[in-house]
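Colleague: Quick one: sequence plus predicted model below, questions after.
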Amino acid sequence: MTRKPKVLTFDVVGTLIDFENGMKNALLQILGKEGATLDFEAFLTEYRALRNRPDKLLFPEDLAPIYLILAEKFSLPTGQGEEKAFVQSATSWPAFNDSVEALKRLQKHFHLVAMTNARRWAFDGMDKTLEYPFFKGFTVDESGCEKPDPQYFSYVLEQLAPDGYTKEDVLHVAQSQFHDIGIARELGYTVCWIERRKAVGGGFGGTVAVQELTTPDYHYHTLAELADAADRGELVMVA
């Protein structure tokens with residue numbers, strides 16, 4: 001027997017918000033010189049390695065020490081609070097081109113719930129950029145942990161329970177295999193992988209690489225494709 005999901009839970013940064021271009025644009029603005037160049041793919045590789053240090057700060061505040069560590073290697077200026085500007089840029093990172101319209105379409109079918117590893121102050125800016133599509137939004141400040149910690153998923157289910165929702169009602173939608181798709185599948189969720197990096201040739205970009213990809217229940221390259229499937233009534237879950 002099959003049924004339609006009632007709730008779509010979303011990773012935000014990298015799935016709905018284009019954090020890679022957001023960081024790139026912020027760095028180019030900090031560089032400030034016309035014609036300034038930056039090997040951003042190399043920067044992302046270094047960022048990914050530094051992101052998971054044992055002493056890391058919460059996202060996006062972790063961008064400040066990472067900026068200072070990488071400044072010399074990438075010829076980035078320091079001494080005028082540039083690392084703080086880099087952190088604050090998170091509130092104005094752009095949405096992917098299809099995010100806002102696709103979320104509006106998905107709202108017609110489901111309750112949309114945000115699950116982000118970002119701090120609340122940063123998510124508030126992202127929520128505004130996305131034009132406030134969420135029924136509920138959860139951040140690392142409320143969960144007390146980051147995905148892929150299973151406790152994050154448990155916390156969200158606890159918060160959805162008063163509304164009558166269970167895991168069987170949820171389709172989890174995300175770009176990151178490491179933070180979301182692998183662990184959600186392991187925990188028994190129906191999952192949808194939005195493979196955003198396909199548009200730029202693949203790879204893992206600023207997200208943690210995995211040795212083996214988890215096969216999702218649904219696999220699209222854009223959020224618009226997911227909305228198309230929802231409009232056609234194709235999203236079903238095994239009961």
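Modeller: Good, I have the coordinates. All figures in this text were calculated on a predicted structure; none of them were measured in a lab. Residues are numbered from 1 along each chain as shown.

Colleague: and the particular helix or strand that has residue 225 in it, what's its mean pLDDT?
Modeller: Following DSSP states H and E, one finds residue 225 within helix 223-231. Helix 223-231 shows an average pLDDT of 98 in the prediction.

Colleague: Mind giving me the packing neighbours of it?
Modeller: helix 99-107, strand 190-194, strand 218-220 (3 or more Cβ pairs under 8 Å, 6 or more residues apart in numbering; DSSP states H and E). No exception for glycine: its C-beta is placed from N, CA and C like everyone else's.

Colleague: Mark out where each domain of this protein begins and ends.
Modeller: 2-18+94-238, 19-92 (automatic domain parsing).

Colleague: Could you list the low-pLDDT ranges of the chain?
Modeller: In the prediction, the chain carries residues with pLDDT under 70 at positions 1, 33-36, 197-210, 238-239.

Colleague: Tell me which stretches of it form helices.
Modeller: Using DSSP state H, the helices of the chain run over 19-31, 40-51, 63-70, 82-88, 99-107, 120-129, 140-143, 150-160, 182-186, 223-231.

Colleague: a markdown table for the ones you listed, including distance to residue 169 and mean neighbour count?
Modeller: Below are these laid out as a markdown table (distance: least, Cβ to Cβ, whole Å; neighbours: other Cβ atoms under 10 Å):
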| stretch | distance to residue 169 | mean neighbour count |
| --- | --- | --- |
| helix 19-31 | 28 | 19 |
| helix 40-51 | 32 | 16 |
| helix 63-70 | 35 | 19 |
| helix 82-88 | 36 | 19 |
| helix 99-107 | 15 | 18 |
| helix 120-129 | 22 | 19 |
| helix 140-143 | 19 | 17 |
| helix 150-160 | 8 | 17 |
| helix 182-186 | 14 | 20 |
| helix 223-231 | 15 | 19 |
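
Colleague: how close does residue 136 get to residue 86?
Modeller: 29 Å (Cβ to Cβ, to the nearest Å).

Colleague: now swap in residue 160 and tell me
Modeller: On the measure of Cβ to Cβ, residue 160 and residue 86 end up 34 Å apart.

Colleague: Could you do residue 52 as well?
Modeller: For residue 52, the distance to residue 86 (Cβ to Cβ) stands at 18 Å.

Colleague: Residue 120 now?
Modeller: Residue 120 sits 19 Å away from residue 86, going by Cβ to Cβ.

Colleague: just residue 229 next, same as before
Modeller: The value you get for residue 229 to residue 86, if Cβ to Cβ is used, is 37 Å.

Colleague: just residue 135 next, same as before
Modeller: Distance from residue 135 to residue 86, by Cβ to Cβ: 31 Å.

Colleague: Check residue 2 too.
Modeller: Using Cβ to Cβ, residue 2 is found at 46 Å from residue 86.

Colleague: quick revisit: dump the helices of the chain to a markdown table, plus distance to residue 176.
Modeller: Listed next are these as a markdown table, based on distance: least, Cβ to Cβ, whole Å:
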| stretch | distance to residue 176 |
| --- | --- |
| helix 19-31 | 11 |
| helix 40-51 | 11 |
| helix 63-70 | 17 |
| helix 82-88 | 21 |
| helix 99-107 | 16 |
| helix 120-129 | 16 |
| helix 140-143 | 14 |
| helix 150-160 | 13 |
| helix 182-186 | 9 |
| helix 223-231 | 14 |
